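K.L.:
Quick one: sequence and predicted model below, then my questions.
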Amino acid sequence: MKVALFVPCYIDLIYPEVAIATLELLEKYNIEVIVPLNQTCCGQPTANEGDQENSAKIEKAFAENFQDLDVDYIVGPAGSCVKQIRQHFDAIPQTEKVTAMRAKTIELVQFFTDVLKITDFSNISFPHTIAIHNSCSSIRGLHITSRSEWMEPRYNKTEELLNSIKDITIKHIDRPDECCGFGGTFCVTDEAVSAKMGQDKVSDYVRNGIEYVVSPDMSCLMHQKGVSDKEKTNLKFLHVAQILNNGPF
Amino acid sequence: MSSKEDFLQSIRAGLAKRTPTAYPYIPTFEQAGIDLKAVFEKNLKLAAVDFYDVSSVEEAQKIMQERLPDVKVVCSATDEWEGNKDIDAVEQPRDLDDVGLGVFRAELGVAEMGMIWVTEKSLKVNALGYLSQHLAVLLDPAEITENMHTAYQRPGLLDANYGCFVMGSSATADIGAVLVRGAQGAKSLTLFFLKTKDDETGK
Amino acid sequence: MKKVNVEKNAAEFIYQDDIHVTEHDKNLWNARQKRDTAAAQIPEWEELRNLASAIKEHTLTHLDQYLEQFVTNAEKRGIKVHFANDAAEHNAIAYEILSSHRVKNIIKSKSMLQEECGMTPFLEEKGIGVLETDLGERIQQLSEQIPSHIVMPAIHQTKEDIAKLFAEKIGTDPNNTDPASLNTAMRNNARPKFLLADAGMTGGNFAIAETGTFVVCTNEGNADLTASLPPLHIASIGIEKILPKAEDLGVFIRILSRSALGTPATQYTSHFTGPREGAEMHIILTDNGRSKRLAMDEFWKSLKCIRCGACMNTCPVYRRSSGLAYGATYSGPIGIIIDPTFDAKKYSELPFHSSLCGSCSEVCPVHINIAEQIMDWRKVMMKNKEVDFSRRMAFKAVGVMLGHPKLFRAVEKVAYNAINILPEAITENKTLDPWAAHRKLPDVKKETFREWYIKNRKNNEQ
């Protein structure tokens, strides 16, 4: 199988270890991975603001990087960016190539549970108490877990993967699917509410004795860690790929 | 002040952009073999309604005297239960303001909700159901329907000018989100399962 | 009209003390949890939501026919039906009916439409006394504030606030904050006024075309007192409240209160099909922008709303802002998508007051795509240049940079070991304060993934 690795802009710059973990993890399972080096961003920062004009520029750049690749999937270790590609990404003309590119873009956890159907990571040990933070985009956009608003069978794909890790303790916090308040540009344009939501999220972890917060979305964690560090808690934050690949941390 | 035609015209203008969609089939979601009275009683409890199986009005009256010994004015809209304030002599609804216990026979019970159905026929003066401080309600246990779907399918349900599904006493949570019973309407509702008398209409 | 600065208002709500925002969030989240518990007990819950959505869409796409049928049937039963194109007409009609009956004082139950039309201040100016009978609405009336929640109008106030208010206005003990005592005090204060009112006004939750019936759902019994005491009953009903048949109510009554408060139904579900003996009944059917909204491709589905407030209860942003922050009749997620249809300038900031978590769409009992509509309103505001110049320019910079890979690499280099480019670029005043006040900045690594990749996976380089 051949995939293209989609590395969101903030991961490239702030969390290179997450992209490394993702790449190594995919390689471990004998997947041929190519990395388009001119990629920048999915266009979410401008698209979320309703700015179609500037989104078009970013989307064009994304399409130029990915639409002509001969790959089975485009894998991204970030639910919210993948959701942007799959469900929005409408500022440029929807050519056949663009729609095909969008359709084969997939989030990392779902790539493992749904495509590779690999959920056994019992060769890895992580002797800590963790909480899972699935981002809103991953939950309500990509359905990586069941939605608490829906009376539907309960599942959690991230937990399915992490459950197999040796010595791990997964705890459910009081409001597992409550938005942490990152919300992209919202986190600075609506600073007071965003910070309050982040503080409440961090309190929920602390109240439940969590050591590590693990997520398929680093953007939420960037915000949560920012709040947590400011409040001087001992919480640590990791991307799910870092655990599944046993590093780099 | 707009004419009906002008009014409908602007709606039609808006509708020009819409594609008509179909009306769905609505099932009644009835469950086989459920005990309607048991479900009804379970939901009455949730609605904070105390209920009793009685075999006579006298039995019900005795229970109410024990429950509300201080009530002075009893006004009944059913001939079966004699109060001390004649509802037929009430000229204006507000004259019911002094009623401590209002009594009527409900026409229907809805098991799913623990609700009863009353109309102007059962209340005689609609305000009886709301100005009375407390309510005592009679219901024939044969008149329990399963859920809202089956209730609304009752022929002629909305024939009355006024009809109300009542689920227990009045309530509010508007102060500190704390549930308080007895907001503006009745403070309590007590329900008596008592068959309607068929042949003894004179009594 | 002055633009509502919802972010600033929300910040004020949060920073006033530690109590209000915490209580507000807790109480509304409780309502959401009760809703989940109630919904889980109905095996056909999801089917009910689909049905409710389908019935509403069918009715809205045949609205002229059903409205006509409703009017014919209501008139047949002796109800007088009036037609109001906008808020001004609604209020004028209400006043005309009241003044022709020499009404001095009215009692009213909760009606979002009457709020929307600004009816109470209008009537008061004309010398008619208006008494809100819903406890929450009465609290808001005494506080001289608009309701902050569709279903729980005073939920942003603590019981201590209300004890203080009642002490000032109706002479209760300011230290007695017990909700039951406060409720009793208001019951005793309001009841005598109910008896003396010359007319009663209500809203309507549903209106049934095949019978001409309108339905009012309340918990306190105040709508039934309002309708059963005075000799004149006027109901204000928005045109989107129409349903084809009585059996449709089976679906809607089952989901309304479960979605709103997690109770099986409201305590009273009252059906009015004609005036009671010796009394008069009027309906003011009101459009007020609804037919225009019906023509809006992105936004017409907001007309499906049954005003349950579930989207407000679930909204993490609303719970920390309070409804008053939105400065509008409708607040929370549903307010964000409805308010701009009334005044796109005044409410231009509302669509940005959302983290786009999407819970509103998921919880909605009639499947309104609220989150999607919030995004669509952002597009409208951006296009119409309703958004602040500095914000627009910042995004232009982001667009240029992220649209040009080489430029992006160059900026990455500049940002190297310094600051996170994204928050900086979008910060209106170009400082990092909005991030850093309550958050530490993330470290920027010495080496980007791209650089690591070129070094470590040279063979794959494209």
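P.N.:
Cool, got the structure. Numbers count the residues shown, from 1 in each chain, chains lettered A, B, ... in the order given.

K.L.:
Which parts of the stretch 251-400 of chain C are strands?
P.N.:
C:268-272, C:280-286 (DSSP state E, counting those that start in this stretch).

K.L.:
Which one, of the ones you listed, ends up nearest to C:Tyr326?
P.N.:
Within those, the stretch nearest C:Tyr326 is strand C:280-286; the backing value is 21.7 Å (Cβ to Cβ). Using the backbone N, CA and C atoms, a C-beta is placed for each residue, glycine as well.

K.L.:
what are the ranges of the strands in the chain?
P.N.:
No chain specified, so I'll use chain A. A:2-5, A:32-34, A:73-76, A:105-107, A:129-132, A:169-170, A:212-215, A:236-239 (DSSP state E).

K.L.:
oops, chain B please
P.N.:
B:50-53, B:74-76, B:85-86, B:101-105, B:108-110, B:115-119, B:134-139, B:144-145, B:162-166, B:171-172, B:180-181, B:188-193.

K.L.:
Buried residues, the top helix by length along chain A. List them.
P.N.:
Counting by DSSP state H, the longest helix found in chain A is helix A:191-207. Residues of helix A:191-207 classed as buried: A:191-205 (neighbour count, 16 or more other Cβ atoms under 10 Å in any protein chain shown).

K.L.:
tell me how far it is from the chain's mean position?
P.N.:
In terms of Cα atoms, centre = their mean, to the nearest Å, the centre of helix A:191-207 is set 19 Å apart from its chain centre.

K.L.:
The closest residue to chain A within the stretch 151-300 of chain C and C:Met112: what is the separation?
P.N.:
Chain A sits closest to C:Ser259 of the stretch 151-300 of chain C, with a gap of 10.3 Å, by Cβ to the nearest Cβ. C:Ser259 is 16 Å from C:Met112, where distance means Cβ to Cβ, to the nearest Å.

K.L.:
go on, C:Thr226?
P.N.:
From C:Thr226 across to C:Met112, the span is 16 Å (Cβ to Cβ).

K.L.:
Compare the two and say which is more crowded by neighbours.
P.N.:
Using other Cβ atoms under 10 Å in any protein chain shown as the criterion, C:Thr226 and C:Met112 rank with C:Thr226 on top: 31 against 19.

K.L.:
Show me the beta-bridge partners of the closest residue to that one other than its chain neighbours.
P.N.:
In space, and not counting its chain neighbours, C:Thr226 is closest to C:Gly200: 3.7 Å by Cβ to Cβ, 6 or more residues apart in numbering or on different chains. Bridge pairing for C:Gly200 (DSSP bridges) gives the partners C:Ile107, C:His233.

K.L.:
OK, contacts around the closest residue to C:Thr286 other than its chain neighbours?
P.N.:
Leaving out its chain neighbours, the residue that sits closest to C:Thr286 by Cβ to Cβ, 6+ apart is C:Ala84, at 4.5 Å. By Cβ atoms under 8 Å, 6 or more residues apart in numbering or on different chains, C:Ala84 lies in contact with B:1-2, C:90, C:92-93, C:284-288.

K.L.:
before we move on, back to that, out of the buried residues of helix A:191-207, flag the one nearest to A:Ala56.
P.N.:
Set against A:Ala56, the nearest of those by Cβ to Cβ is A:Ser194 (27.1 Å).

K.L.:
how far away is the residue nearest to B:Val110 when sequence neighbours are not counted from B:Thr172?
P.N.:
Distance criterion Cβ to Cβ, 6+ apart; nearest residue to B:Val110, sequence neighbours excluded, is B:Ala151 at 5.0 Å. As judged by Cβ to Cβ, B:Ala151 and B:Thr172 stand 25 Å apart.

K.L.:
before we move on, what about C:Thr448?
P.N.:
From C:Thr448 to B:Thr172 the distance is 59 Å (Cβ to Cβ).

K.L.:
For these two, indicate the residue with more neighbours.
P.N.:
Between C:Thr448 and B:Thr172, B:Thr172 has the larger neighbour count (other Cβ under 10 Å), namely 26 against 23.

K.L.:
can you list the domain ranges for the chain.
P.N.:
No chain in the question, so chain A it is. For chain A, automatic domain parsing gives the domain ranges A:2-115, A:119-244.

K.L.:
The intended chain is chain C.
P.N.:
Following automatic domain parsing, chain C resolves into domains at C:1-20+C:303-387, C:42-288, C:396-460.

K.L.:
residue ranges of the helices in chain B, please?
P.N.:
B:4-15, B:36-46, B:57-67, B:120-123, B:128-131, B:148-152.

K.L.:
Make CSV from the ones you listed and add mean pLDDT and mean neighbour count to it.
P.N.:
Shown next, in CSV, are these (pLDDT from 0 to 100; neighbours: other Cβ atoms under 10 Å in any protein chain shown):
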stretch, mean pLDDT, mean neighbour count
helix B:4-15, 96, 17
helix B:36-46, 97, 18
helix B:57-67, 98, 16
helix B:120-123, 97, 20
helix B:128-131, 97, 28
helix B:148-152, 98, 24
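
K.L.:
how about JSON lines for the ones you listed, with distance to C:Leu60 added?
P.N.:
JSON lines is the format used below for these (distance: least, Cβ to Cβ, whole Å):
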{"stretch": "helix B:4-15", "distance to C:Leu60": "8"}
{"stretch": "helix B:36-46", "distance to C:Leu60": "33"}
{"stretch": "helix B:57-67", "distance to C:Leu60": "48"}
{"stretch": "helix B:120-123", "distance to C:Leu60": "32"}
{"stretch": "helix B:128-131", "distance to C:Leu60": "34"}
{"stretch": "helix B:148-152", "distance to C:Leu60": "21"}
